[in-house]
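*Asks:* Below are the sequence and a predicted model; questions follow.
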Amino acid sequence: MTAIATLRGVSKTYQKGKERVDVLHELDLDIPEGDFIAVMGPSGSGKTTLLNLLGGLDKPTVGTVTVGGAELSSMSNNQLSRWRSNNVGFIFQFYNLLPVLTAQKNVELPLLLTNFGGAERAKRAQIALDIVGLADRATHHPRELSGGQEQRVAIARAIVSDPTLLLCDEPTGDLDRDTADEILKLLQTLNREHGKTIVMVTHDAQAAEYANRTLHCDKGTLETREAA
């Protein structure tokens, strides 16, 4: 199976004053196209750093990160910004919706970085909202939506540009169990029926069960466990 993302010899080090903090250590990782990976591990183990590297929000200290044939570690910040707008959808624990905009307009936001006209942006946003089951909430503002509905809008925003990769950082961390399961089933549907490749950081073992496999991150290294 073709790898949509690869990490080779990736290490990440931060400098805190005089202290050197080694977060990731010589990681090699292949993420096949259409995979759904959960990343678990204690706080400070490097999970979010891994997401940031895959999403082009950060660069490795050593090694290479390649996503969809693009070698991210060699790109300038401007090149990375353009690349992210076309290739990566981000989903966070807190939905980061703009309260003054409707669901429709929130979903359209990533398309403002493209050359699409207003009618095409609206059409694509409507399709994305339909996929997440919120076509009938397009004109509602975030304050008129439940937490689960807000997260669905955030997911629609993440997929509206048809990205190569969906990166999820604790996407159900602010939701009750039943609502969390609904969101996880939606992610599973995006993976299985729409072919989206997903990497999800979570502390929730039940959430990880929705993925195809789980990477356990500890002290900057990864251990893979296949789903039962």
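*Replies:* Sure, I can see it.
*Asks:* Give me the buried positions along the helix or strand encompassing Ser85.
*Replies:* Following DSSP states H and E, one finds Ser85 within helix 77-87. The neighbour-count check on helix 77-87 (16 or more other Cβ atoms under 10 Å) flags Leu80, Trp83, Arg84, Asn87 as buried. (C-beta placed from N, C-alpha, C; glycine too.)
*Asks:* Can you name every helix or strand that whichever helix or strand comes after it contacts?
*Replies:* Where DSSP H and E defines the elements, the next helix or strand beyond helix 77-87 is strand 88-92. Packing partners of strand 88-92 (3 or more Cβ pairs under 8 Å, 6 or more residues apart in numbering; DSSP states H and E): helix 147-159, strand 165-169.
*Asks:* Please tabulate those in JSON lines, including the columns mean neighbour count.
*Replies:* Compiled in JSON lines, those are given as follows (neighbours: other Cβ atoms under 10 Å):
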{"stretch": "helix 147-159", "mean neighbour count": "24"}
{"stretch": "strand 165-169", "mean neighbour count": "24"}
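*Asks:* Quick one: closest of these to Thr48.
*Replies:* strand 165-169 (6.1 Å; Cβ to Cβ).
*Asks:* Name whatever forms a beta bridge with the residue positioned nearest the centre of the chain.
*Replies:* Central residue of the chain (Cα atoms, centre = their mean): Leu167, 1.3 Å from the mean position. Beta-bridge partners of Leu167, counted by DSSP bridges, are Phe90, Val199.
*Asks:* Now do it against Leu57, distance only.
*Replies:* 9 Å (Cβ to Cβ, to the nearest Å).
*Asks:* anything in contact with each of these two?
*Replies:* Counting by Cβ atoms under 8 Å, 6 or more residues apart in numbering, the contacts common to Leu167 and Leu57 are Leu51.
*Asks:* What residues sit buried inside the lengthiest helix in the chain?
*Replies:* Identified as the longest helix of the chain according to DSSP state H is helix 177-192. Buried positions in helix 177-192, judged by neighbour count with 16+ other Cβ under 10 Å: Thr179, Ala180, Asp181, Ile183, Leu184, Leu186, Leu187, Leu190, Asn191.
*Asks:* just how off-centre is it within its chain?
*Replies:* The chain centroid and the centroid of helix 177-192 are separated by 14 Å under Cα atoms, centre = their mean, to the nearest Å.
*Asks:* That one vs strand 165-169, what angle?
*Replies:* 160 degrees (axes from the mean of the first three to the mean of the last three Cα atoms, to 10 degrees).
*Asks:* just checking, what packs against helix 177-192?
*Replies:* Checking 3+ Cβ pairs under 8 Å, 6+ apart, helix 177-192 ends up next to strand 36-40, helix 147-159, strand 165-169, strand 197-201, helix 205-208.
*Asks:* I'd like the next helix or strand past the last one.
*Replies:* For helix 205-208, the succeeding helix or strand toward the C-terminus, using DSSP H and E, is strand 213-218.
*Asks:* So what touches stretch 37-47?
*Replies:* 12, 23-24, 31, 50-51, 198-203, 205, 207-208, 210-220.
*Asks:* Can I get the buried ones among the residues you listed as something I can paste into PyMOL?
*Replies:* Selecting only the buried entries of the contacts of stretch 37-47 in PyMOL, with 16+ other Cβ under 10 Å as the criterion:
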select buried, resi 12+23+24+31+50+51+198+199+200+201+202+207+208+210+211+212+214+215+216+217+220
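*Asks:* Below-threshold pLDDT in the protein: ranges please.
*Replies:* 1, 224-228 (pLDDT under 70).
*Asks:* now with 80?
*Replies:* 1, 15-17, 42-45, 113-115, 174-175, 219-220, 223-228 (pLDDT under 80).
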